[in-house]
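*Asks:* Curious how this folds, go ahead:
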Amino acid sequence: EASTNFYVQKKPVLYFYKVENTTEDNTVTVSGKLLNNGKAIKGATITLNVNGKDVTVTPNNDGYFKYSFKAVAGENVVTASYAGTTEYAEANATTSVYALMKTTLYAYKIENANTQDSIKVSGKLLNKGKAVVGETVTINVNGKTYTATTNKDGYFQVSIKLAVVGENNLTVSYAGSDVY
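*Replies:* Just a heads-up that it's a prediction; the model follows:
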């Protein structure tokens, strides 16, 4: 005859709500719930690992928890861990938020010109003072669209022959990319 003892634990559910992607340096709030059969686990604590840094959160009476942090450029990974007790098994969940790098677009001043003159539309595209290289900038003059690509210094330039006498409307824009 042989005998043994063993535990049967309740299996909690730990999950995150969906978080939208953002831009670097923005505040991101991740939230979720820790539940067992739809009810909060009283006295539970959850360890969140946010980009390599551990913090502890305590779910409320509904099992809801949240935490806010400043997003860094690229993938921001958040892992939640509930260590469990003799009554409850451990539970884990992971979410991530992608943060695009911020850009600043500068367009240099254009001096007045004469009809049929070519004007130089130029400027820079930067991220925290550093060049954003190889990106397409769109220039719109009086409804006509031109494009230019930023060089190693983030500088772009396009020459445009003017035909409209009087005030001309110019817009310079950058649509962004997978990184910016």
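
*Asks:* Tell me how far stretch 93-113 lies from the chain's centre.
*Replies:* Relative to its chain's centre, stretch 93-113 lies at 12 Å (CA atoms, centre = their mean, to the nearest Å).

*Asks:* That one: which residues count as buried?
*Replies:* By neighbour count on 16 or more other CB atoms under 10 Å, the buried set for stretch 93-113 is 93, 95, 97, 98, 99, 100, 101, 103, 105, 107. C-beta: built from backbone N, CA, C; applies to glycine.

*Asks:* The fifth one bridge partners, please.
*Replies:* Under the criterion DSSP bridges, residue 99 forms beta bridges with residue 22, residue 74.

*Asks:* quick one: it and residue 76 touch, right?
*Replies:* Yes - if you go by CB atoms under 8 Å, residue 99 and residue 76 touch, sitting 5.9 Å apart.

*Asks:* which residues do the two both contact?
*Replies:* Listed as contacting both residue 99 and residue 76 by CB atoms under 8 Å, 6 or more residues apart in numbering are residue 28.

*Asks:* quick one: contacts for residue 50?
*Replies:* Residues near residue 50 by CB under 8 Å, 6+ apart: 30, 67, 69, 76, 77, 78.

*Asks:* swap that for residue 132, please
*Replies:* By CB under 8 Å, 6+ apart, the contact list for residue 132 reads 103, 125, 126, 150, 154, 180.

*Asks:* what's around the closest residue in space to residue 39 that isn't next to it in sequence, how many residues?
*Replies:* What sits nearest to residue 39 in space, not counting adjacent residues and going by CB to CB, 6 or more residues apart in numbering, is residue 63, at 7.2 Å. For residue 63, the count of nearby residues is 20 (other CB atoms under 10 Å).

*Asks:* Quick check on residue 63: phi, psi?
*Replies:* Main-chain dihedrals, residue 63, degrees, to the nearest 10: phi 90, psi 0.

*Asks:* now do the one 10 residues further on
*Replies:* Note on residue 73: backbone dihedrals following degrees, to the nearest 10 are phi -60, psi 140.

*Asks:* for residue 83, same thing?
*Replies:* Backbone geometry at residue 83, expressed as degrees, to the nearest 10, gives phi -70, psi -20.
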